[in-house]
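> Fold the following.
(2 chains)
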Protein chains: 2
Amino acid sequence: MSLVVQKYGGSSVADAEGIKRVAKRIVEAKRNGHQVVAVVSAMGDTTDELIDLAEQVSPIPAGRELDMLLTAGERISMALLAMAIKNLGHEAQSFTGSQAGVITDSVHNKARIIDVTPGRLRASLEEGNIAIVAGFQGVSQDSKDITTLGRGGSDTTAVALAAALDADVCEIYTDVDGVFTADPRVVKKAKKIDWISFEDMLELAASGSKVLLHRCVEYARRYNIPIHVRSSFSGLPGTWVSNEPQGDQNVEHAIISGVAHDVSEAKVTVVGVPDKPGEAAHIFRAVAEAEINIDMIVQNVSAASTGLTDISFTLPKAEGKKATAALEKIKATVGYDSLRYDDQIAKISLVGAGMKTNPGVTAQFFEALSDAGVNIELISTSEIRISVVTRADDVNEAVRAVHTSFGLDSDSDEAVVYGGTGR
Amino acid sequence: MSLVVQKYGGSSVADAEGIKRVAKRIVEAKRNGHQVVAVVSAMGDTTDELIDLAEQVSPIPAGRELDMLLTAGERISMALLAMAIKNLGHEAQSFTGSQAGVITDSVHNKARIIDVTPGRLRASLEEGNIAIVAGFQGVSQDSKDITTLGRGGSDTTAVALAAALDADVCEIYTDVDGVFTADPRVVKKAKKIDWISFEDMLELAASGSKVLLHRCVEYARRYNIPIHVRSSFSGLPGTWVSNEPQGDQNVEHAIISGVAHDVSEAKVTVVGVPDKPGEAAHIFRAVAEAEINIDMIVQNVSAASTGLTDISFTLPKAEGKKATAALEKIKATVGYDSLRYDDQIAKISLVGAGMKTNPGVTAQFFEALSDAGVNIELISTSEIRISVVTRADDVNEAVRAVHTSFGLDSDSDEAVVYGGTGR
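Below is the predicted model of the structure:
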């Protein structure tokens, strides 16, 4: 008997109707002869509402207590889902992260899974039950305190349980039909991707695609768990993420997987840095010590006449203030001229394993941007990705131009996205 | 160092402001040099809202899953309360029923506590923390499933923890100032009782007083834990419930503790029952098998001419239908004439250990009712209680007349009740 792990996000279980619809979908999988473990997030806006309550009683809620609070959210959705399934005549049991054996480190609010001991789940499945598991939460190995996994934690829960239970597939149900060649809200002709490799998916996730989080894909790649991202509203086949395409999975767009964009970053430029050994290290040590995650880094060659160079990097807008404050502190010791902060930027990335063996890709990418009149401010590349920074105002046009240039546009006039519309 | 267990009900922690007020009260006890364990219910109407959600997905929610669902309520309030306390500069940790060691049987929705193993609480207290514990919930000994204790379960949690931790007192904070000589909404001159024995409190609770539930008082009596019922709004001394009054506890009203009334019951009369051995047993076995809790039972002497008698009993209105259905089924075998169902009744009870040694109490009680023009339909007595059933319409007048007759009226014109008014 095959074992399927399914994950349903908060928008899929936002109300009683949503829960009943999800219950039917789960029962369908059970009727098709699978053992089913369903991982569920908190209903709709529950998590945000709980955070709001926490902020009303304490400006800086304690991590341990915030985790205790937030885990109430999945407790509600999982119990309701189990009831709804039993009401359809099937046996179901709900399990907290702790009961399901999701063991984490002790870093509250962003714990990492360090072990999964799914004994109770296995026993429940063997008894013929559908197992419902709270996503996003676990229990710390050392203190036995309740922990949460941070943003996108429920996807990671699902993949981790799939790995521990040796599941055949991990199905991530969401409010869109799968992973698209570009954001369908920007590119109307974006196409759903039938299959994508773990590597390309990791690059897309790192470049602004929000369907799957980087961390979850990384976990799935490590344990080689195929992910099937699909809509909980339409029920159509979605996007498979795995090592190799299987059977009829469409791989015609193997050169380029998609175009991602990201408007959540800002750019910091350190102007007039003396071009001598150790200066860059000095700058980035200061930024690292402020616990800021930076993304792209670009250093231009220095002008021979001045012996000064400019260093630019991008980072999440939310961390801009912290970064500039950290850099102001070392202005005297580094001896740079000035700082520039710019949050009106966008990052556009082209991702595809095919570019390794197709040297013309970079040139075509830049030409497409140029033809669209889009100016490039920074460039950074990996083996299977090219990213550029442009003005934020140009982002939609730039994405569309690149999408068309690489032949990614679908034949139909508009991408069919069932997200939310089916409710 | 003394150890205090405090319990705060849902109305005390109904919103962020309530939680912050309760946090201050807890910190005050800590500052006064006590170790503090605070048991907390779910915020305001949370439990009812969760039950409503459950009914939307399933007409008969499964017990195990309903318990999982409902326990989310205290999880939210206890985490917020711990945060609010930490925000006042004191250390606090929240614990679920399971983490606090509240071990129960496996009867979902109305589990009984069978053991308390408060090792984690003790360790947390020793570290100097204030321990916040979810009321109303536990974990089953056999299946390790989450259970709930049923109505008034948080009070029982508090008393059980007080017993297991050998606390000096269990303080039950509520939205009224304590136990009154009668319901202050009915009798404006009702007085707050400073001290009352476990026995009298048990009778009051069984007779309709809602401040403390019978089960919680019973538990406290068994382990000899003094209960202090008081208002979380006013902070004034409330009512002590214990074996013996202590120090300055006022015991001037030792003959009669109070007058309780109850309009939640209905009366069933089985008319024309053959007056021969075994008939009453037959009737009450049928009622018991339908799992109906009956309260008063009265059988009149049979009329010699007919050899028939009437048997009346009272029961919760909610169980009226079930009871009459069960009795209809045995009509032929018992051979009674007819059934009468009456839900327009009230029960009025006079409670006080003093009546054991004051034979005039019963006569005075009946005279007071008679002077007020109130007709008595049924009478039942225990060693320290007399109860009568009257028309529901007469209840307020009857309670006031009895209260005045036994000198329970306070000197001031109106009882000062802080419940809710302080919010």
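> So which residues lie in contact with stretch A:48-59, not counting its own?
Residues outside stretch A:48-59 that contact it (CB atoms under 8 Å, 6 or more residues apart in numbering or on different chains) are A:61, A:65-66, A:69-70, A:72-73, B:16, B:19-20, B:23, B:76, B:79-81, B:83-84, B:86-87. (Glycine included, C-beta is placed from N, CA and C.)
> repeat that with 10 Å
A:10, A:42-43, A:45, A:60-62, A:65-66, A:69-73, B:15-20, B:23, B:43, B:75-77, B:79-88 (CB atoms under 10 Å, 6 or more residues apart in numbering or on different chains).
> Give the buried residues for it.
Buried residues in stretch A:48-59, counted by 16 or more other CB atoms under 10 Å in any protein chain shown: A:50, A:53-54, A:56-58.
> same deal with stretch A:222-234?
Buried residues in stretch A:222-234 (16+ other CB under 10 Å): A:225-234.
> re the thing from before, among the contacts of stretch A:48-59, name the ones in helices.
Among the contacts of stretch A:48-59, the residues falling in helices (DSSP state H) are A:65-66, A:69-73, B:16-20, B:23, B:75-77, B:79-86.
> Using PyMOL, define a selection of the buried residues within those residues.
Per 16+ other CB under 10 Å, the buried members of these correspond to this PyMOL selection:
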select buried, (chain A and resi 65+66+69+70+71+72+73) or (chain B and resi 16+18+19+20+23+75+76+77+79+80+81+82+83+84+85+86)
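> List the strands paired with the worst-scoring helix or strand of chain A on mean pLDDT, with their directions.
Averaged element by element with mean pLDDT, DSSP states H and E, chain A has its least confident helix or strand at strand A:297-299 (a mean of 82). Looking at strand A:297-299 with DSSP bridges, its partner strands are strand A:308-316 (antiparallel).
> Check which residues of the strand it pairs with are buried.
Across strand A:308-316, burial judged by 16+ other CB under 10 Å covers A:309-315.
> Is it possible to get a markdown table of those that adds pLDDT?
A markdown table is the format used below for the buried residues of strand A:308-316 (pLDDT from 0 to 100):
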| residue | pLDDT |
| --- | --- |
| A:309 | 86 |
| A:310 | 88 |
| A:311 | 89 |
| A:312 | 90 |
| A:313 | 92 |
| A:314 | 93 |
| A:315 | 93 |
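> got the contact list for residue A:249?
Counting by CB under 10 Å, 6+ apart, residue A:249 touches A:193-196, A:237, A:239-240, A:242.
> got it, and residue A:24?
Shown in contact with residue A:24 (CB under 10 Å, 6+ apart): A:84-85, A:88, A:235.
> and chain B, which of these contact it?
Near chain B, taking CB under 10 Å from any CB of the partner chain as the test, the members of the contacts of residue A:24 found are A:84-85, A:88.
> Any chance of a PyMOL selection covering the buried ones in the contacts of residue A:249?
In PyMOL syntax, the buried subset of the contacts of residue A:249 is picked out as below (16+ other CB under 10 Å):
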select buried, chain A and resi 193+194+195+196+239+240+242
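> Which parts of the stretch 301-423 of chain A are helices?
Counting by DSSP state H, counting those that start in this stretch, one finds helices in the stretch 301-423 of chain A at the ranges A:320-329, A:331-334, A:361-371, A:395-405.
> cool, and the stretch 151-300 of chain A?
Remark: helices assigned in the stretch 151-300 of chain A by DSSP H, counting those that start in this stretch are A:153-164, A:198-206, A:214-223, A:279-289.
> export the last one as CSV, just CAs?
C-alpha atoms of helix A:279-289 as CSV (Å, rounded to 0.1, in the frame of the first residue of the first chain):
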residue,chain,number,x,y,z
GLU,A,279,38.2,46.4,3.3
ALA,A,280,35.4,44.2,1.8
ALA,A,281,35.9,41.7,4.6
HIS,A,282,35.6,44.5,7.2
ILE,A,283,32.4,45.8,5.6
PHE,A,284,30.7,42.4,5.4
ARG,A,285,31.8,41.3,8.9
ALA,A,286,30.0,44.4,10.3
VAL,A,287,26.9,43.4,8.3
ALA,A,288,27.1,39.8,9.4
GLU,A,289,27.5,40.8,13.1
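> For the stretch 251-400 of chain A, list the residues in contact with chain B, please.
Counting by CB under 10 Å from any CB, the stretch 251-400 of chain A has no residue next to chain B.
> hmm, back to that, for the helices of the stretch 151-300 of chain A, which one sits closest to residue B:151?
Residue B:151 lies closest, by CB to CB, to one member of the helices of the stretch 151-300 of chain A: helix A:153-164, at 34.0 Å.
> tell me the angle of the closest one relative to helix A:214-223?
For helix A:153-164 against helix A:214-223, the angle by axes from the mean of the first three to the mean of the last three CA atoms, to 10 degrees is 10 degrees.
> Tell me the gap between helix A:153-164 and the middle of its chain.
Relative to its parent chain, helix A:153-164 has a centroid offset of 14 Å by CA atoms, centre = their mean, to the nearest Å.
> Give me the angle between it and helix A:63-86.
Interaxial angle of helix A:153-164 relative to helix A:63-86 (the same axes, to 10 degrees): 70 degrees.
> returning to what we had before: can you list the ones next to chain B among the contacts of residue A:24 in a markdown table and add distance to residue B:220 and pLDDT?
As requested, the ones next to chain B among the contacts of residue A:24 are arranged in a markdown table below (distance: CB to CB, whole Å; pLDDT from 0 to 100):
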| residue | distance to residue B:220 | pLDDT |
| --- | --- | --- |
| A:84 | 40 | 97 |
| A:85 | 41 | 98 |
| A:88 | 44 | 97 |
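> Just the pLDDT for residue A:280.
Residue A:280 carries a pLDDT value of 83.
> Give me the most central residue, chain A.
The residue lying closest to the centre of chain A (CA atoms, centre = their mean) is residue A:213, at 1.7 Å.
> residue contacts, that one?
Residues counted as contacts of residue A:213 (CB under 10 Å, 6+ apart) are A:150-156, A:205-206, A:219.
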